[in-house]
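*Asks:* below is the structure, and that's it, no one-letter string:
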């Protein structure tokens, strides 16, 4: 295998170059959400947007809860790369594939429970309930493919092949947009079409890139992937601990965004729909800034595998600065184009009016949140999963308490102020644990 070019210092330019492919792939992901939101927001009735909002939020929470399949893969693979242990890289990939299929089967079986939970927590009309059930009946079967994609992305980020991981995500996103648009606009399948588009895109992508990865491993690592001798107690225990910590952390994180949807629904379907639109701006910024976090994960793991503290500290400093500067640029772009984007996403006047009143949060949050995004990448690359778990739990509890209190006084503005406090808490709690990573050197 052609090894990653190793140096004692990673400059801002190097980090940007490594992150550029991830920028485009991360940009594609929230665009899918924006397209889906736009498709539903222009059907003339709020129920389509409300149903898609709730159903996708719940499915996102479930699927993102198993984001450890990507994050855990990156940390272990990048550190193994630093040691030159290619066999461990392949074994980690295969072990996580087995775990993903087991998780997928459980989620599919529990689909009726997922639907009943939605009915319990959300006060929605019967028409909206039916649309949500329609979406879930289709989307639930894309879970195996979506979880497998997590693993493949983690693998390529871990071995510093960000172009391939980016191509994978772009392929998934483009196919999703194309299929959903055709099924909704040409065949008038509304919510069903959006879910079916995700299903088609997920399986076409995972089949294509699984075959590519199999050939890639044979060519670059000189190893034929085989599902044998994977049961090693110490390896499985470490993988379980890392995955479980990240699972808890991601569960709390995704719950926090579901909480935004839930609190918005208590204010009425108009606010539910508006928050669905506005959160797309936060997700767009987050995925863009996560490009630095994703590329940093692999570099951090690599420097730890090489036991080079100087390189590690260089990555931390430069990546945080670049992420913050980029967030400022995003905030400026939102300042100038926010209203135009809102008008494209929805033609419902009341939703436009309410959205305009909340634009200040869309401008402030990205720069504030850039620090916690980058710290996430640093801790994931270092496999310090216990710390990111604890930090997230504390931050989410603080967010929920603040939102319950502030929404009574400031309504939806109180909810968005609480979301900003949540981002600040995430950064501060991770900074508190930072010295634990330095003990690895």
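*Replies:* In hand now; what should we look at? The shown structure was predicted, so the numbers you read here are calculated from the model rather than taken from an experiment.

*Asks:* what pLDDT does the residue nearest the centre of the chain get?
*Replies:* In the chain, the residue lying closest to the centroid (C-alpha atoms, centre = their mean) is residue 64, at 6.3 Å. Residue 64 is assigned a predicted lDDT (pLDDT) of 76.

*Asks:* same thing with residue 31?
*Replies:* Residue 31 carries a pLDDT value of 63.

*Asks:* with residue 198 instead?
*Replies:* pLDDT, residue 198: 89.

*Asks:* one step back: residues contacting the closest residue in space to the residue nearest to the centre of the chain that isn't next to it in sequence?
*Replies:* Computed as C-beta to C-beta, 6 or more residues apart in numbering, the closest residue to residue 64 that is not its neighbour in sequence is residue 254, at 4.3 Å. Placement of C-beta: from N, CA and C, glycine included. Residues counted as contacts of residue 254 (C-beta atoms under 8 Å, 6 or more residues apart in numbering) are 60, 61, 62, 64, 65.

*Asks:* what do you get for residue 273?
*Replies:* Contacts for residue 273 were tallied using C-beta under 8 Å, 6+ apart; they are 41, 46, 49, 50, 53, 346, 348, 351.

*Asks:* count of residues packed around the first one?
*Replies:* By other C-beta atoms under 10 Å, 25 other residues sit near residue 41.

*Asks:* run through the strands of the stretch 101-250 of the chain in chain order.
*Replies:* Here the stretch 101-250 of the chain has no strands by DSSP state E, counting those that start in this stretch.

*Asks:* low-confidence bits of it, can you list those?
*Replies:* Applying pLDDT under 70 to the stretch 101-250 of the chain flags the ranges 230, 233, 235.

*Asks:* mind running it again at 50?
*Replies:* By pLDDT under 50, the stretch 101-250 of the chain has no low-scoring segment.

*Asks:* mind listing the helices for it?
*Replies:* Assigned by DSSP state H, counting those that start in this stretch, the helices in the stretch 101-250 of the chain fall at 111-121, 126-139, 143-158, 162-181, 190-221, 233-267.

*Asks:* what does the stretch 301-441 of the chain give?
*Replies:* For the stretch 301-441 of the chain, the helices defined by DSSP H, counting those that start in this stretch occupy 309-345, 349-356, 359-381, 385-410, 412-433, 435-438.

*Asks:* for the shortest one, which positions count as buried?
*Replies:* Right, helix 435-438. Using 16 or more other C-beta atoms under 10 Å as the test for burial, helix 435-438 gives residue 437.

*Asks:* what of the fourth one?
*Replies:* Using 16+ other C-beta under 10 Å as the burial criterion, the residues of helix 385-410 that qualify are 385-392, 394-396, 398-400, 402-403, 406-407.

*Asks:* likewise for the third one?
*Replies:* Burial within helix 359-381, assessed by neighbour count using 16+ other C-beta under 10 Å, is assigned to 359, 361-381.

*Asks:* gap between the residue nearest to residue 64 and residue 66?
*Replies:* As for residue 254, its distance to residue 66 is 10 Å (criterion: C-beta to C-beta, to the nearest Å).

*Asks:* same deal with residue 152?
*Replies:* The value you get for residue 152 to residue 66, if C-beta to C-beta is used, is 14 Å.

*Asks:* measure the closest residue to residue 426 other than its chain neighbours to residue 378 for me?
*Replies:* For residue 426, ignoring the flanking residues on the chain, the nearest one in space by C-beta to C-beta, 6+ apart is residue 372 at 3.6 Å. According to C-beta to C-beta, residue 372 and residue 378 sit 11 Å apart.

*Asks:* anything in contact with each of these two?
*Replies:* Taking C-beta under 8 Å, 6+ apart as the contact criterion, the common neighbours of residue 372 and residue 378 are residue 430.

*Asks:* what's the pLDDT at the residue nearest to residue 426?
*Replies:* 95.

*Asks:* also the one 10 residues further on?
*Replies:* pLDDT for residue 382: 88.

*Asks:* what's it in contact with, if anything?
*Replies:* Applying C-beta under 8 Å, 6+ apart to residue 382 gives the contacts 75, 300, 301, 304, 437, 440.
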